[in-house]
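# Kindly generate the corresponding structure for this input.
(chains A and B)
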Amino acid sequence: MVEKRPLVTIATHVVLVLGVILVLLPVWVAFVASTHTSFRLNTGLAPLWPGTAMLDNYALIFSEGARRNGLPPVGPMMFNSLVMALGITFGKIVISILSAFAIVYFRFRFRMAAFWVIFITLMLPVEVRIVPTFQVVAGFGLLNSYTGLILPLIASATATFLYRQIFLQIPDELLEAARIDGAGPLKFLWDIVVPLTRTSTAALFVILFVYGWNQYLWPLLVTTQPDFYTIVRGIKGIATAADSEPVWNLVMAVAMLAMLPPIAVVIFMQKLFVRGLTETEK
Amino acid sequence: MSEKRVIFRGTALPLLLLAPQLAVTAVFFLYPAAQAVRQSMFRSDAFGFGERFVGFDNFSALLNSARYWDSVGVTAVFAASVAIITLVVSLALAAAVDRLIRGSSVYSTLLIWPYAVAPAVAGILWWFLFNPSIGILAYVLRTFGIRWDQFVNGDHALILVIIAASWAQISYNFIFFLAGLQSIPRSIMEAAAIDGAGPVKRFFTITLPLLSPTVFFLSVINVVYAFFDTFAIIDTTTAGGPGRDTTTLVYSAYSDGFLGQNFGSSAAQSVLLTAVVMVLTIVQFRFVERRVHY
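Sure, this is the predicted structure:
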């Protein structure tokens, strides 16, 4: 802006600093709580400055977990979260690329029918069809398994539509040239289409990873053995316990660890992620 | 639906390529959805042995139950509050970042990352902040003479989940508002500034009207979010209580189905909810299509 209005600029910074404080406050308080002993935390007001028990708390939740409070060690839980997040991410990307390619680059019977079948999934969030989906997964014997955690969340209309949009923008000349050179559909897909979508795929990766890592209801239903708990799901057990037996320092340490990987991914891939998000939704 | 001019021939290959997507969709989306519709018309006995067809009885029972309408009321207050708080706060932040040239990327980074925080975690963070005995915010409120207690006071519990849900959704709205603001041509603003319009006037006469599609889009998104994605926030904090003061429609479908084993009623609730999402999705799509064609 060409004009100079110092007062408005100051107000702008005030708004932003307040916003940043608002956004940071809960996480700061959680971090601080994770560095104190449970004794210190439960005598009076929760402190605002880090304490000395940080290493002890984190070592405890990594080694033994908070077993007394129904929480297994966090290492395996984070591994389960990673498997689930990556499984959902890759699964969604692969089946979406394949189906978008089929819809865009072929004319066949049932094409519109297939398109609509995929479209309908947009309107059926997992929360709405929980009981029957749970029954299906239980029927397949997939409770307490990675497949059961991943597969039902893999179909995604949004990702398919994003790829369809991108494919439609690829110039027809590329396909003509490829066909003259004798390339079949799969070669064309792998050598030309997939490399052309690389940045969008990376952006989608961030969004889907965060989505997969942060799943709560689904892991809550399909995992009853602590061996298969994801970390976000695992928090429930210990948080419920914290109201009766005060272990807020451990709860907050687990919360910090649950937040770390997705936040790291979002911050490191910030530009791609923002682009991907605004494109996916449009 | 736009088309390619040049295509490949064949039927078998595209069907093969579609097969994984269609299989997952059929098994985990369409079949369960059909089951939900079917179950919504049956009533199973208390021991889970038999079930009998009851037509629309489950629906009429719901629509006649004060308990269900309480959830409708809770959901309405909850969704409207979350949508409005989120829109206002994130628009203010995005407008502020958009005004700055230097320092804006630092602010953006600091405001974007909560997108990555799981709703379940967000719920727990705020639960702790407001904890009546050790929470800092509960303490601050006490100094103002407010005896905060989310465990027994239904209003307090509802306010708590509204704040947590809004907090978790601000960064998402912020990203879209910032993208929207940055696509407004600077020249329009400069012309208005030269004509003597101050920042506040410019915001209300130029920025806001030009942003209205984004506002509309985000309103729909926020309502859908408040309906469905906040399940984890409610479950990790109030679990629908105290009483049923924070039981939203999704939470009610879950607790009646999984905790109460009342599958017929839960399925009927799911069917009603699906109808709501469908309407919202259609509204959103019509609007998005209109926007694509300008």
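
# List the buried residues for stretch A:117-125?
Residues A:Val117, A:Ile118, A:Ile120, A:Thr121, A:Leu122, A:Met123, A:Leu124, A:Pro125 are the ones in stretch A:117-125 that count as buried (16 or more other C-beta atoms under 10 Å in any protein chain shown). To be clear about C-beta, it is placed using only N, CA and C from the backbone, and glycine gets the same treatment.

# How about stretch A:239-259?
Per 16+ other C-beta under 10 Å, stretch A:239-259 contains these buried residues: A:239, A:241-242, A:246-259.

# can you check stretch B:59-66 too?
Buried residues in stretch B:59-66 (16+ other C-beta under 10 Å): B:Phe59, B:Leu62.

# Can you tell me which of the buried residues of stretch A:117-125 is nearest A:Ser99?
Of all the buried residues of stretch A:117-125, A:Ser99 sits closest to A:Ile118, with 6.6 Å by C-beta to C-beta.

# what's the helix or strand harbouring that closest one packed up against?
According to DSSP states H and E, A:Ile118 maps onto helix A:111-120. Applying 3 or more C-beta pairs under 8 Å, 6 or more residues apart in numbering or on different chains; DSSP states H and E, we find helix A:111-120 packed against helix A:74-105, helix A:157-169, helix B:12-25.

# in the second one, what's buried?
Spelled out, that is helix A:157-169. For helix A:157-169, by 16+ other C-beta under 10 Å, it's A:Ala157, A:Thr158, A:Ala159, A:Thr160, A:Phe161, A:Leu162, A:Tyr163, A:Arg164, A:Gln165, A:Ile166, A:Phe167.

# Give me the residues contacting it.
A:92-93, A:96-97, A:99-101, A:103-105, A:118-122, A:193, A:196-197, A:200, A:204, A:208, A:279-281, B:2, B:4, B:21 (C-beta atoms under 8 Å, 6 or more residues apart in numbering or on different chains).

# What number of residues are in the vicinity of residue 18?
By default, I'm working from chain A. Counted with other C-beta atoms under 10 Å in any protein chain shown, the neighbours of A:Leu18 add up to 14.

# You answered for a different chain; I wanted chain B.
Neighbours of B:Leu18 (other C-beta under 10 Å): 27.

# After the lowest-mean-pLDDT helix or strand in chain A, which helix or strand is next?
Counting by mean pLDDT, DSSP states H and E, chain A has its least confident helix or strand at helix A:38-42, which shows a mean of 74. Counting by DSSP H and E, the next helix or strand C-terminal to helix A:38-42 is helix A:54-63.

# So which residue is dead centre in chain B?
B:Tyr225 (1.0 Å; C-alpha atoms, centre = their mean).

# any idea how far that one lies from chain A?
10 Å (C-beta to the nearest C-beta, to the nearest Å).

# Just give the closest residue to that residue, not the sequence neighbours.
Nearest residue to B:Tyr225 in three dimensions, chain neighbours excluded: B:Gln169, at 5.7 Å (C-beta to C-beta, 6 or more residues apart in numbering or on different chains).

# Which strand or helix spans that neighbour?
Counting by DSSP H and E, B:Gln169 is part of helix B:154-182.

# quick one: buried residues of that helix?
Those would be B:154, B:156-181, for helix B:154-182 by 16+ other C-beta under 10 Å.

# so A:Phe115 sits right up against A:Ala102, yeah?
No: contact criterion C-beta atoms under 8 Å: A:Phe115 and A:Ala102 do not qualify, at 10.0 Å.

# which stretches of chain B form helices?
B:12-25, B:31-39, B:57-63, B:66-99, B:104-112, B:119-129, B:136-143, B:154-182, B:186-194, B:199-202, B:208-224, B:231-236, B:249-254, B:263-292 (DSSP state H).

# rank these by pLDDT, which is bottom?
Among those, helix B:263-292 carries the lowest mean pLDDT, at a mean of 77.

# when you compare where that one runs with where helix A:157-169 runs, what's the angle?
Angle, helix B:263-292 to helix A:157-169, by axes from the mean of the first three to the mean of the last three C-alpha atoms, to 10 degrees: 30 degrees.

# near chain A, anything from helix B:263-292?
Yes: using C-beta under 8 Å from any C-beta of the partner chain, we find that helix B:263-292 touches chain A at B:Phe263, B:Ser266, B:Ala267, B:Ser270, B:Leu273, B:Thr274, B:Val277, B:Met278, B:Thr281, B:Val288, B:Val292.

# Let me know the closest of those to B:Gly196.
B:Val292 (35.7 Å).

# Could you list the buried residues of stretch A:27-47?
Buried-residue list, stretch A:27-47, by 16+ other C-beta under 10 Å: A:27, A:29-36, A:38, A:40-42, A:46-47.

# B:Pro132: which of the helices and strands packed on helix A:111-120 is closest?
helix A:74-105 (27.9 Å).

# which parts of that closest one are buried?
A:74, A:76-78, A:80-93, A:95-105.

# what do you get for stretch B:189-206?
Going by 16+ other C-beta under 10 Å, stretch B:189-206 has these buried residues: B:Met189, B:Ala192, B:Ala193, B:Ala197, B:Pro199, B:Arg202, B:Phe203, B:Ile206.
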